[in-house]
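S.K.: What follows is a protein structure lacking sequence information:
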């Protein structure tokens with residue numbers, strides 16, 4: 001059961017005006033409206049649903065910085081979970097919130113074995129769910145959740161010209177284009193994020209080389225001022241692309 005808050009957040013980003021790939025037909029659902037304020041919409045679904053909300057329910061809206069900011073992925077302070085990392089902001093950032101990224105295996109006997117990556121935002125003692133995604137080892141099963149909305153990844157991420165490292169990311173009115181076709185001298189993929197409507201660069205992401213021996217260099221996500229308007233989408237899509245590249249290696 002998925003609970004949707006009826007209050008709609010503002011959207012950011014732009015689309016390129018081109019026709020989008022047709023989404024798969026989604027199943028019918030039953031809607032039950034509660035009479036207690038605030039109004040809640042409770043949806044009982046058999047699979048996935050679509051929504052026009054572009055922002056996660058707790059999307060962080062902070063003042064846009066004047067300069068690009070580089071966020072690094074480091075082990076958690078207390079190394080009690082070897083399958084998680086924390087994305088930390090630079091010291092000069094106004095927003096000092098961190099993001100915890102954890103990975104687990106889904107061993108459901110009725111589904112193919114898959115990796116599940118979950119992202120939470122950390123602000124002091126508070127922790128907010130941002131989203132998660134799940135990719136099977138053969139890529140045939142791919143699910144993504146942002147805020148309260150779950151859908152097939154094929155409804156959000158599209159290859160450009162059949163390239164395995166060039167994608168468009170669409171979530172309602174938010175449109176991003178990721179180009180990971182370049183590789184640095186050490187073997188690290190070099191991923192550049194643009195708006196889908198123009199060549200305006202929003203971010204760059206450099207994960208560690210796939211074949212590097214430990215200790216691995218830190219992954220770095222650099223977000224430009226305009227990119228902070230869609231920060232959570234940039235971060236989630238960068239993690240998705242990294243997992244897809246890793247599974248193809």
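M.R.: Good, I have the coordinates. All of these numbers come straight from a predicted model, not from anything done at the bench.
S.K.: any idea whether residue 226 is helix, strand or coil?
M.R.: Classification of residue 226 using DSSP: H, G, I helix; E, B strand; the rest coil returns helix.
S.K.: Next: residue 246.
M.R.: Residue 246 ends up helix, using three-state DSSP.
S.K.: Share the number of residues neighbouring the residue nearest to it when sequence neighbours are not counted, please.
M.R.: Once flanking residues are discounted, residue 246 sits nearest to residue 210: 6.3 Å by C-beta to C-beta, 6 or more residues apart in numbering. Every residue, glycine included, has its C-beta placed from N, CA and C. Other residues near residue 210 number 14, with proximity taken as other C-beta atoms under 10 Å.
S.K.: Can you tell me how far residue 210 is from residue 160?
M.R.: Residue 210 sits 22 Å away from residue 160, going by C-beta to C-beta, to the nearest Å.
S.K.: Kindly report the same for residue 127.
M.R.: Residue 127 is 35 Å from residue 160, by C-beta to C-beta.
S.K.: Compare those two and say which is more crowded by neighbours.
M.R.: Each of residue 127 and residue 160 has its neighbours counted (other C-beta under 10 Å); residue 160 has more, 13 against 10.
S.K.: so who does that one touch?
M.R.: Taking C-beta atoms under 8 Å, 6 or more residues apart in numbering, we find residue 160 in contact with 166-168, 177.
S.K.: could you check the distance from it over to residue 123?
M.R.: Distance check for residue 160 against residue 123: by C-beta to C-beta, it reads 36 Å.
S.K.: again with residue 195
M.R.: When distance is defined by C-beta to C-beta, residue 195 is 28 Å away from residue 123.
S.K.: can you pull out the helices in this structure?
M.R.: With DSSP state H, the ranges of helices along the chain come out as 231-248.
S.K.: Tell me where the model's unsure across it.
M.R.: Along the chain, the model assigns pLDDT under 70 to residues 1-62, 78-80, 249.
S.K.: The closest residue to residue 236 other than its chain neighbours: how many residues sit nearby?
M.R.: Using C-beta to C-beta, 6+ apart and skipping residues adjacent in sequence, the residue nearest residue 236 is residue 131, 5.2 Å away. As a burial measure, residue 131 scores 22 neighbours (other C-beta under 10 Å).
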